[in-house]
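Undergrad: sequence? don't have it. structure:
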């Protein structure tokens, strides 16, 4: 006897009891009804799971949209490194969080790439 997922028969043709007797029409209908109810439950569970995942995805995208990530590129000479320190200090004073800094040599100068994050509430309070 062919079975689908959940152990229910794929068709009522040839349904037999474990004793080898053929099921009556009423028993076949009961089996089909139980199978359909089981499928409905599985669909409902899958829909709830999908909705839960979609809600998590929305909450992640909402939280990522609450911050802006300005990128600052600063080039200064070796003797003017205090400018870089002052810019980081000013960013901190303005509640802008410096996430990372990458510095490299560029000829006789130092090139600083600053990745910072500013909360949207800070932006809206400015206007």
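TA: In hand now; what should we look at? As the structure is a prediction and not an experimental result, all values here were calculated from the model. Residues are numbered from 1 along each chain as shown.
Undergrad: My understanding was that residue 98 contacts residue 91; is that so?
TA: Yes. Contact criterion CB atoms under 8 Å: residue 98 and residue 91 qualify, at 5.8 Å. Just so you know, the C-beta spots here come from the backbone N, C-alpha and C atoms, and that holds for glycine as well.
Undergrad: now the helices: where do they sit in this structure?
TA: For the chain, the helices defined by DSSP state H cover 25-64, 81-93, 120-126.
Undergrad: Sort out which residues of the first one are buried, please.
TA: So that's helix 25-64. For helix 25-64, a neighbour-count test (16 or more other CB atoms under 10 Å) marks 28, 35 as buried.
Undergrad: Which neighbouring elements make contact with that helix?
TA: For helix 25-64, not one helix or strand is in contact under the criterion 3 or more CB pairs under 8 Å, 6 or more residues apart in numbering; DSSP states H and E.
Undergrad: what does the second one give?
TA: Packing contacts for helix 81-93, counted by 3+ CB pairs under 8 Å, 6+ apart, involve strand 71-77, strand 96-106, strand 109-119.
Undergrad: And these: which comes nearest residue 59?
TA: Residue 59 sits nearest to strand 109-119 of all those, at 16.9 Å, using CB to CB.
Undergrad: burial of residue 114, as a residue count?
TA: 20 (other CB atoms under 10 Å).
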